[in-house]
Structures are given as structure tokens and as C-alpha cells.
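Q: give me a 3D structure for the following:
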Amino acid sequence: MKKQAGFTIIELVAVMVILALLGAMAVPRFADVQTSALRAAQDGSSNAVKSAHSIAIAENKVMPDVTTLATYVGGQGGTATAAAGGVVVDISGTNYTVPTYTDSTCTALTLAVGNTVACVGTIP
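A: Here you go, the predicted structure:
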């Protein structure tokens, strides 16, 4: 009797199970990477606004208002707009607000675009 070459159905099923397990482990890791990337982008945008705040103070010798601060963020290659409560930045088509405060302890939120910014927070 001649022996046939090839894989048995059990070997094929075993390979399919292994591939399914590997796929099941990869999907949650991919979701975590997306979340980490978004958080990193939010932190980067918050830090860009903080840097713009420092630059505005250094150049103008006074605390900037929210509108001026948004202009400085836009001048660094980013897109930002002034809004009550902070500077709005765009991250992958979604708007996030970097909170700005009128006091140096970061407790009194700026309520209007003309308010002076003494402290910049981080995107929550």
C-alpha cells in the first residue's frame, strides 16, 4: 500500500487553534497601543501649550490672555483656537481643550477668551 503525503485533519485543526490564540492575544495589545498613542498625543499638546505660555511671557513680559496663547501655539506649527476654559487643540480630527487658569495655583478656570492665563493644565 502506498503512503499518501499531506497533513491530517487533526494537524490542520491544531494549527488553526494556535493561530486563533495568537490572534486573540494580539487584538487587546493593539487596542492598548492606540490608547497609549492618544494619551501621548494629549500630553504632547498640553506641553506645547505650556511651552507657548512660557514663550509668550518671555516675549511680552506679561501674562498672555487665552487668545494670545492660542496664537503662540499656532505659531509653533500646531492648530489651536481660544475658547472659554482653555485652548482647543486638534488631535486626529478630534478637539481637546487644554485647560487654562487665571491663578498660579491652577484652580480658577479661565471663563472667557480675554482672561489672563497664569497657569496651564493638562488635557484630562
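
Q: what about the helices in the protein?
A: Secondary structure of the chain (DSSP state H): helices at 9-60, 66-75.

Q: remind me which residues of this structure are low pLDDT?
A: 1-2, 75-78 (pLDDT under 70).

Q: now do 80
A: 1-7, 27-32, 74-79 (pLDDT under 80).

Q: just the CA trace of the lengthiest strand in it, in PDB.
A: Secondary structure of the chain per DSSP state E: the longest strand is strand 94-101. Extracted C-alpha coordinates of strand 94-101, given in PDB (Å, rounded to 0.1, in the frame of the first residue of the first chain):
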ATOM      1  CA  THR A  94     -11.000  65.400  17.500                       C
ATOM      2  CA  ASN A  95     -10.900  68.600  19.500                       C
ATOM      3  CA  TYR A  96      -9.500  68.600  23.000                       C
ATOM      4  CA  THR A  97      -9.300  71.500  25.400                       C
ATOM      5  CA  VAL A  98      -6.100  72.200  27.300                       C
ATOM      6  CA  PRO A  99      -7.400  73.900  30.500                       C
ATOM      7  CA  THR A 100      -6.100  77.400  31.400                       C
ATOM      8  CA  TYR A 101      -6.400  79.100  34.700                       C
END
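
Q: which secondary structure elements does it contact?
A: helix 9-60, strand 86-91, strand 119-120 (3 or more C-beta pairs under 8 Å, 6 or more residues apart in numbering; DSSP states H and E). Just so you know, the C-beta spots here come from the backbone N, C-alpha and C atoms, and that holds for glycine as well.

Q: report the angle between the longest one and strand 86-91.
A: Between helix 9-60 and strand 86-91, the angle formed by their directions is 140 degrees, by axes from the mean of the first three to the mean of the last three C-alpha atoms, to 10 degrees.

Q: so which of the helices of the chain is nearest residue 118?
A: Proximity to residue 118 (C-beta to C-beta) singles out helix 9-60 among those, at 9.0 Å.

Q: quick one on the thing from earlier: compare the helices of the chain and give me the one nearest residue 120.
A: Among these, helix 9-60 comes nearest to residue 120, with 4.7 Å by C-beta to C-beta.
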